[in-house]
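Undergrad: return atomic coordinates for the entry below.
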Amino acid sequence: MPVKKSQIINIPEAAISSNKFHSAWNLQYGIFLFLFFLIFSSGYTQTDTADKKFYPVFDLYGHIGHLVKNYPHLPNSDKVLFSEINIAYQTNGNKPWHSHYHYPQVGVSLFYNDLGNKEAFGQNFCVLPNFTFRHGNTAKFFGEIRLGFGLAFFNKKYNIVENPSNLYVGSAITNVSFASYDIARFISSRVALKAGLSVFHFSNGHYQLPNIGMNIPGFNIGVKYYPYKMPEKFLDKRIEGYDDKIRFTARFGFGWHEFGYSTFPTGGPKYPVYMGTFYVSKRFTAVNNVKLGLFVNYYTSFYDFIVSQEIFKEYQHLKSSVVSVFLGHEFIIGKFGLVAEAGINVFNPFRRKFTRLYSDSVDFTTFLKTLSGNKLGVQYYPFSPEKSTKHKLYIGAYIKANLGQADFVEYGIGYTF
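TA: Residues are numbered from 1 along each chain as shown. Okay, the predicted model is just below:
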């Protein structure tokens, strides 16, 4: 008979044991780091610019924020303080994608953060590649939107004996997502002062429980320094002759996660998840690619639970799968793309039955989690995708979520025909 919710545990004797996948953690973040440096190093490749100069930009920031208490019985946090240095360069049109995005700045930020409770949360250090998009044409004032995605390293995480109250972070390494909007004013030809709003999100993608995730909105002040001023001339190269035909793509991937809720059970095995993604796509502009297709995800954790708890008697492998129809969009930026894919689960028998059996009540949010399957990620193309989408190989990393709750991190390889 199925166990009750309060009895749910990760079974050490399951067909896939924690010992077998003890190295999954190192492999997972080794792959992430490889993609991390591969994808963003391409943005720093210097070629001839309009006047043969490279335009570095330096930003110094102080952030003050509040850790959102999004789960009961968590420790309190005082003010969260972030210190940041951003090392970037100003694009000026030497690559065609620069002008399509109105000449953004491409950078890498280093953060040192005090999370407001040294005993429970400690501090972390972040490495965060980012884009800064400027708007406004006045000589003095301008606005900036900054977006980033990277890695965070925590010195305090959940420990069942020493730190049982920190349910936000179950692993020493997590992903971090960042967004900010700033208003800036030049006080000289090379220096601008800035102030604005920022938000941070930390999560390990459900790889290791607990994983409620940290959400930290806040304010920032900063100073921007241009060693060579702004470029006096911006090139206006454009991507011409891009392929706007409908193309088919197949992507195959894998990832790991722990089976359970956001907070329990802890200490269980890391289960692999296997994915196949199939879609048709069409370029509507030089840098916008729209997709329609299917996610097919196979969960070994679902299969183990089905077998051990006798959830289904027949078609156990099939019912360990989830099939979703999705609509997606990709911003093509040089040799990589920023991807958002929103799906609706059309086949999800295990999760729906599991929810009925083990949830105290099925509210609207819980119901939506059984329907929703979304992915956000980055893709790297060894060969530039700007001119054509035909016969294009890529690798990618994606965070899969059920509604807004992380499920796993996917690493995949795809090919467009």
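
Undergrad: give me the number of residues near residue 141?
TA: Residue 141 has 12 neighbours, counted by other Cβ atoms under 10 Å. Quick note: C-beta positions are derived from backbone N, CA and C, even for glycine.

Undergrad: pLDDT wise, what is it at?
TA: Predicted confidence (pLDDT) for residue 141: 88.

Undergrad: give me the beta-bridge partners of residue 217?
TA: Counting by DSSP bridges, residue 217 is bridged to residue 199.

Undergrad: could you give the number of residues near it?
TA: 14.

Undergrad: any idea how far it lies from residue 62?
TA: Look at residue 217 and residue 62: by Cβ to Cβ, to the nearest Å, they are 15 Å apart.

Undergrad: now do residue 165
TA: As judged by Cβ to Cβ, residue 165 and residue 62 stand 28 Å apart.

Undergrad: got it, and residue 266?
TA: 35 Å.

Undergrad: compare these two (neighbour count), which wins?
TA: Counted by other Cβ under 10 Å, residue 266 and residue 62 do not tie: residue 266 has more neighbours, with 18 against 13.

Undergrad: so who does the closest residue in space to the more buried one that isn't next to it in sequence touch?
TA: Distances taken as Cβ to Cβ, 6 or more residues apart in numbering put residue 209 closest to residue 266, at 5.0 Å, once the chain neighbours are dropped. Going by Cβ atoms under 8 Å, 6 or more residues apart in numbering, residue 209 touches 170, 258, 260-266, 268.

Undergrad: on the three-state scheme, residue 354 is what?
TA: helix (DSSP: H, G, I helix; E, B strand; the rest coil).

Undergrad: give me the number of residues near it?
TA: Using other Cβ under 10 Å: residue 354 sits among 20 other residues.

Undergrad: need the pLDDT of it.
TA: In this prediction residue 354 is given a pLDDT of 89.

Undergrad: show me the shaky parts of the stretch 101-250 of the chain.
TA: 137-139 (pLDDT under 70).

Undergrad: how about the strands in it?
TA: In the stretch 101-250 of the chain, the strands defined using DSSP state E, counting those that start in this stretch lie at 105-114, 123-135, 141-154, 173-186, 191-203, 214-225, 247-257.

Undergrad: which outside residues touch the last one?
TA: When contacts are defined by Cβ under 8 Å, 6+ apart, strand 247-257 is touched by residues 21, 24, 28, 205-207, 270-282, 291, 293, 301, 389-390, 396, 398, 400, 407-417.
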